[in-house]
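Q: From the sequence below, what's the structure:
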Amino acid sequence: MSDDRQPVEEPGAAATPPPRGGAFLLAQLGAHAAGRFGERVGELGLAPPDVGLLRMIAMEPGRSQRSLAADLGVVPSRVVALIDNLEKKGFVERRRSAEDRRHHELYVSEDGRRALGRVREVAALHEDDLFTALDEDDRARLTALLGRIAEQQGLTPGVHPGYRNLPKRP
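A: Numbers count the residues shown, from 1 in each chain. Next comes the predicted model:
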């Protein structure tokens, strides 16, 4: 039995053209890129939100959970759950603040640094794979244009807006 079914058009129905325009292409490519990145870092035992948090902590060692929450635009309790997961994996260390013992400072552990190194390699391969159709000038131009759009839309540089919509972890 063949599985090569063709869509059946209703008599008199107008053919619906595919969506067009830059916004749809951005959404289509964004979903594709995010899915592929998730698969690739999943092989390292990480999820994309884990990667983003590790990167943010590595860029500012000693930062507080509260400052992470503010940058991500989420409530602090949400960050606690995300950090708990990274701490359980041995990628992040919480240390009591010397200035205020009620607060913790966040640091990437040695295992976390090794994981970030592997993520950088995977991310470079991911980007090269996605942009194979473009030469270096096209890639630079596209990146600059997307940066202008992100800035105009008020997006926080380096912070994925998806943190606000993450499902709660058990």
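Q: Number of residues surrounding the residue nearest to A123 when sequence neighbours are not counted?
A: Residue nearest to A123 in three dimensions, not counting chain neighbours: F37, with 7.4 Å by CB to CB, 6 or more residues apart in numbering. Backbone N, C-alpha and C define where each C-beta goes, glycine included. The number of residues packed near F37 is 18, by other CB atoms under 10 Å.
Q: Which helix or strand contains F37?
A: Here F37, judged by DSSP states H and E, is contained in helix 22-42.
Q: likewise N85?
A: Going by DSSP H and E, N85 is in helix 76-88.
Q: who's in contact with V51?
A: Contact analysis of V51 by CB atoms under 8 Å, 6 or more residues apart in numbering lists 41, 116, 119.
Q: from those, which is closest to S97?
A: Distance to S97, by CB to CB, is smallest for L116 among those, at 23.4 Å.
Q: R94 and G73: what is the separation?
A: Going from R94 to G73 by CB to CB, to the nearest Å gives 22 Å.
Q: Looking only at neighbour counts, state which of the two leads.
A: Neighbour comparison, R94 and G73: the larger count goes to R94, with 16 against 12 (by other CB under 10 Å).
Q: Neighbours of the nearest residue to the more buried one once chain neighbours are set aside, how many?
A: Leaving aside its chain neighbours, R94 sits nearest to H104 (4.2 Å; criterion: CB to CB, 6+ apart). By other CB under 10 Å, 18 other residues sit near H104.
Q: quick one on the thing from earlier: identify each buried residue in the helix holding F37, please.
A: 37, 40-41 (16 or more other CB atoms under 10 Å).
Q: And the spatially most central residue of the chain, how far from P161?
A: By CA atoms, centre = their mean, the chain has its centre lying nearest to P48, at 4.7 Å. Computed as CB to CB, the P48 to P161 distance reads 12 Å.
Q: hang on, the earlier thing: can I get the buried residues of helix 22-42 in a markdown table with pLDDT and distance to T132?
A: Listed next are the buried residues of helix 22-42 as a markdown table, based on pLDDT from 0 to 100; distance: CB to CB, whole Å:
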| residue | pLDDT | distance to T132 |
| --- | --- | --- |
| F37 | 96 | 16 |
| R40 | 96 | 15 |
| V41 | 96 | 20 |
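Q: will you turn those residues into CSV that also has distance to R141?
A: Listed next are the buried residues of helix 22-42 as CSV, based on distance: CB to CB, whole Å:
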residue, distance to R141
F37, 22
R40, 25
V41, 27
